[in-house]
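>>> Any chance you could fold what I've pasted below:
(2 chains)
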Number of protein chains: 2
Amino acid sequence: MQFKISKELLDQINNLILHNKERELHDLLSELHYADIAEIMEELDDTQASYIFSILDSEKTADVLMEIDEELREKILKRMSAKEIAEEIDELDTDDAADIIAELPQSKKEEVISELEDVEHAKDIVDLLRYDEDTAGGLMGKELVKVNENWNVLTCVKEMRLQAENVTRVHSIYVVDDDNRLKGRLSLKDLLTTSTKTPISEVYIKKVDYVRVNTSNTEVARIMQKYDLEAIPVVDEMGRLVGRITIDDIVDVIKEEADKDYQLAAGISQDVEADDSILDLTRARLPWLVLALFGGFISVEMLSLFEGAMKEHYKLFFFTPLIAAMAGNVGVQSSAIIVQGLANQSISGSILNRLLKEISLSLLNGIILASILFLGSHFLLGVEVKIGVIVTIALVSVIITASLIGTSIPLILDKFGIDPALATGPFITTSNDICGILIYFSIARMILGF
Amino acid sequence: MQFKISKELLDQINNLILHNKERELHDLLSELHYADIAEIMEELDDTQASYIFSILDSEKTADVLMEIDEELREKILKRMSAKEIAEEIDELDTDDAADIIAELPQSKKEEVISELEDVEHAKDIVDLLRYDEDTAGGLMGKELVKVNENWNVLTCVKEMRLQAENVTRVHSIYVVDDDNRLKGRLSLKDLLTTSTKTPISEVYIKKVDYVRVNTSNTEVARIMQKYDLEAIPVVDEMGRLVGRITIDDIVDVIKEEADKDYQLAAGISQDVEADDSILDLTRARLPWLVLALFGGFISVEMLSLFEGAMKEHYKLFFFTPLIAAMAGNVGVQSSAIIVQGLANQSISGSILNRLLKEISLSLLNGIILASILFLGSHFLLGVEVKIGVIVTIALVSVIITASLIGTSIPLILDKFGIDPALATGPFITTSNDICGILIYFSIARMILGF
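Got it, this is the predicted structure:
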């Protein structure tokens, strides 16, 4: 069952498209899961992908549409009329439907909404569209099963059967009062093991986790992970039950958040993938490289300041890449640990304590590395002892400084509500390069007096 | 409901411990969720944490034990007898129970197993212990609800009620044959909406996703994400149903995998957190720094080769940090995109195509950056045109080389079954530093002829 697209399968599909064998292609595709079809479509060119989409069974198209990349979806939707899009939307859960409608251009958006057949569904979607996509409101779906606290189990089961028809996965049954305010929950399991004659008020669990519509999506992810929840109800400002978030949406949030931090640490600023266009990739990579280049200009200027040392002590210049590299590496380590700690909320204690710890740590690292450097410069590189001493002292100072910069900048950004992950990658390496070189030559000047 | 540990709460708890107010402390804790208690315990010192653990209600201790850090758990388990540990284990689901037992020292392991009261539970745990923790077998739990294809719905519901008692969350009901071979599934929802008189063989869905016991945990994560599954059954080599994996375990796998890649990209080799001890942090960070230091030695040697340029063209040396930094940054970008693409399985096409794309990309980036550098070196840094030309040509060559190295090394590692994430971070920056410097001075030598 581990489906992986083989070259053979792709060739076969290409061939069937080429020879217009629609029936065979249709039969082949009808055997596949919609997620697999989406993967195949992404491997083909746009015309082929649209063709595949056009011959799919109608009950599969909506799911495939939801599964493919935003870019390909945009292209396919462009070829469809508002009515055709509305037919697909009618098949989707409200949260997915709202996500797709939100991607449409404004004029088409209204047209599609007016074409929706199921008025209740349309109302729910319009309601969802007003929430920011990075909040619980933007994540939630309207599909849920709820019962009134004043009902008895018999009414409850009857009502639930009706409601469950529209809900793909029933996680919990939520209990509300007459004003739709969330009061508690019932588990399906409890229902399975309880006599049907019991009144609801006696069986429901009053303690229920929930989030508010404006809770951020990363906070929702943290809560659902921490308390091991598979679904969480969402309430509005008045405590009324307005939606439900399921764990599969949260998996996407966690993945996106981790990918984003990783890319920032590597100096990539937008959400890009290896298969994106060269232009998209350039737009994501170039800004950081320009930043690093201007940092490089500063380092050139800095080195010019110490031109006086060139004649007598030119060997000092052989060590600049080493010092700069060590500063960069230490800085990235420190900042990465802080960024990850902030993301996982595993950082405790004050900034001062954190910095003190980082100083001890870098002293320990610095002394070990400096010993290796001192011995290495003498025995491996054959550098005179004076230079060896200067480089060694510089290395310890640079390591301590770099780790302090790496630790404090993300913490400061976080205090000001800026994403600390911005401070990893090229930003930290560039500033540490510059500081490292400055410290190194300042120490050399003090000792050698050039 | 968004619980966050406040300084006030911690102070209050500290005070209650200090003044031995056990009753008040107990009342305070009994209000809290086990995940919150675990978080509080991790903020306290070991003795305080053990004390808190000792006064918890017995129905909470097992969950708290499962929730706390491995390190703290080890300390708390050390103070407990085999019988006490067995009592906790009896409360846990088989997968969690097996994880905890696996952490115990060999001798205590056997003692604890022999003290387990529930023999069926003990058998299941022992069975789980034999699987590698990075496989589906190591992730799965034995708690599941299964019915025989030959039963009718009435028997089925009766049996299910019994089985459901032991299962926290019922996702699917699995259908097996007389030999326990997985045949299909029933959804709880279907059961809710189907008449009780229907025979099982008529209602169950024959298409069921599953994994084998030896499928790797990252592959399980990929499958569950791709097909949006909340639980997946695990079968052995003979197709017999042996366990079930739920999405919350997969969330942990995804999180760990992302954290690991992030740390490797930052040059941190073990799974450490900001709050770990200085020694643990050093052990994770030092090896990469030593690697970078030896890389630095090579760069020093390399620069010595071009000592001849020192007298007349010493300004060349001012640009080494700039060239090295650009090489490092480009390399990290390229490798990060590949590593992430491999992790998300979003890389298609051959290695050759990938490299060609990377060359076009870096030509584009390189030409833009080189123009900035050429103008900048002239107008900002006031460097003579000849040096400006050399640096500019070197920059383009270095960017292309660095991106090729950054792209190919992770791809090659992956081909050989080695974790490509190893090739990000210090490894790539160090090798690119060295290559960058070599290319830069070789071009300078060709043009200037020193």
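>>> right, and the helix or strand after the helix or strand of chain A with the lowest mean pLDDT?
Every helix and strand of chain A was ranked by mean pLDDT, DSSP states H and E. The lowest is helix A:188-192, at a mean of 67. With elements assigned by DSSP states H and E, the helix or strand that comes after helix A:188-192 is helix A:200-203.
>>> how near is A:Q340 to B:S335?
Distance, A:Q340 to B:S335, using CB to CB, to the nearest Å: 19 Å. In this view, the C-beta of every residue, glycine as well, is placed from N, C-alpha and C.
>>> so A:T196 makes contact with A:V157?
Yes - A:T196 lies in contact with A:V157 (CB atoms under 8 Å); the separation is 6.5 Å.
>>> who's more crowded, the two?
Taking other CB atoms under 10 Å in any protein chain shown, A:T196 and A:V157 do not tie; A:V157 has more neighbours (15 against 10).
>>> State the helix or strand in which the more buried one lies.
In the assignment (DSSP H and E), A:V157 maps to helix A:153-164.
>>> what does A:E312 give?
With DSSP H and E as criterion, A:E312 is part of helix A:310-313.
>>> helix, strand or coil for A:Y174?
State at A:Y174, reduced to three classes by DSSP: H, G, I helix; E, B strand; the rest coil: strand.
>>> so what's it up against?
Contact analysis of A:Y174 by CB atoms under 8 Å, 6 or more residues apart in numbering or on different chains lists A:L144, A:V145, A:K146, A:V147, A:L182, A:G184, A:R185, A:L186, A:V208, A:P233, A:L241, A:R244.
>>> Tell me the secondary structure at the third one.
Classification of A:K146 using three-state DSSP returns strand.
>>> Could you give the bridge partners of the residue lying closest to it once chain neighbours are set aside?
Distances taken as CB to CB, 6 or more residues apart in numbering or on different chains place A:Y174 nearest to A:K146, at 4.4 Å, with adjacent residues excluded. Beta-bridge partners recorded for A:Y174 (DSSP bridges): A:K146, A:R185.
>>> So A:K206 is in contact with A:K183, correct?
Yes - judged on CB under 8 Å, A:K206 makes contact with A:K183 at a distance of 7.0 Å.
>>> Of those two, give the one with the bigger neighbour count.
Between A:K206 and A:K183, A:K183 has the larger neighbour count (other CB under 10 Å), namely 19 against 10.
>>> Take the helix or strand hosting the more buried one, keep the C-alpha atoms, and write them as PDB.
Per DSSP H and E, A:K183 falls inside strand A:182-187. Provided in PDB are the C-alpha atoms of strand A:182-187 (Å, rounded to 0.1, in the frame of the first residue of the first chain):
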ATOM      1  CA  LEU A 182     -20.500  25.300  24.800                       C
ATOM      2  CA  LYS A 183     -21.200  23.400  28.000                       C
ATOM      3  CA  GLY A 184     -19.200  20.200  27.700                       C
ATOM      4  CA  ARG A 185     -18.800  17.100  25.600                       C
ATOM      5  CA  LEU A 186     -19.800  13.500  25.100                       C
ATOM      6  CA  SER A 187     -17.500  10.900  23.700                       C
END
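>>> burial measure for A:E42, as a count.
A:E42: 17 neighbours (other CB under 10 Å).
>>> Test my guess that it contacts A:D69.
Yes - between A:E42 and A:D69 there is a contact at 5.9 Å, judged by CB under 8 Å.
>>> Give the buried residues for the helix or strand containing A:V290.
For A:V290, the element it lies in under DSSP H and E is helix A:278-305. Of all the residues in helix A:278-305, those buried under the rule 16 or more other CB atoms under 10 Å in any protein chain shown are A:281-282, A:284-286, A:288-289, A:291-293, A:295-300, A:302-303.
>>> Show me the subset of those that also lies near chain B.
When contact is defined as CB under 8 Å from any CB of the partner chain, the buried residues of helix A:278-305 meet chain B at A:281-282, A:285-286, A:288-289, A:292-293, A:295-297, A:299-300, A:303.
>>> nearest spatial neighbour of the residue of chain A most remote from its centre, skipping sequence neighbours?
Largest separation from the mean C-alpha position in chain A: A:E312, at 52.6 Å (CA atoms, centre = their mean). Closest residue to A:E312 apart from its sequence neighbours, by CB to CB, 6+ apart: A:F450 at 6.7 Å.
>>> sec struct for the one you found, please.
The assignment at A:F450 comes out as coil when based on three-state DSSP.
>>> In contact with it, which residues?
A:F306, A:G308, A:A309, A:E312, A:H313, A:A444.
>>> So among those residues, which ones count as buried?
Neighbour-count burial (16+ other CB under 10 Å) applied to the contacts of A:F450 gives A:F306, A:A309, A:H313, A:A444.
>>> Now render these as TSV, adding pLDDT and distance to A:T429.
Shown next, in TSV, are the buried ones among the contacts of A:F450 (pLDDT from 0 to 100; distance: CB to CB, whole Å):
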residue	pLDDT	distance to A:T429
A:F306	90	21
A:A309	82	25
A:H313	87	26
A:A444	93	22
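>>> near chain B too, which of the residues you listed?
Filtered for proximity to chain B (CB under 8 Å from any CB), the buried ones among the contacts of A:F450 leave an empty set.
>>> how about these, which pair is most distant?
Maximum pairwise distance among the buried ones among the contacts of A:F450 (CB to CB): 9.1 Å, between A:F306 and A:H313.
>>> what residues are shared contacts of those two?
Joint contacts of A:F306 and A:H313 (CB under 8 Å, 6+ apart) are A:A444, A:F450.
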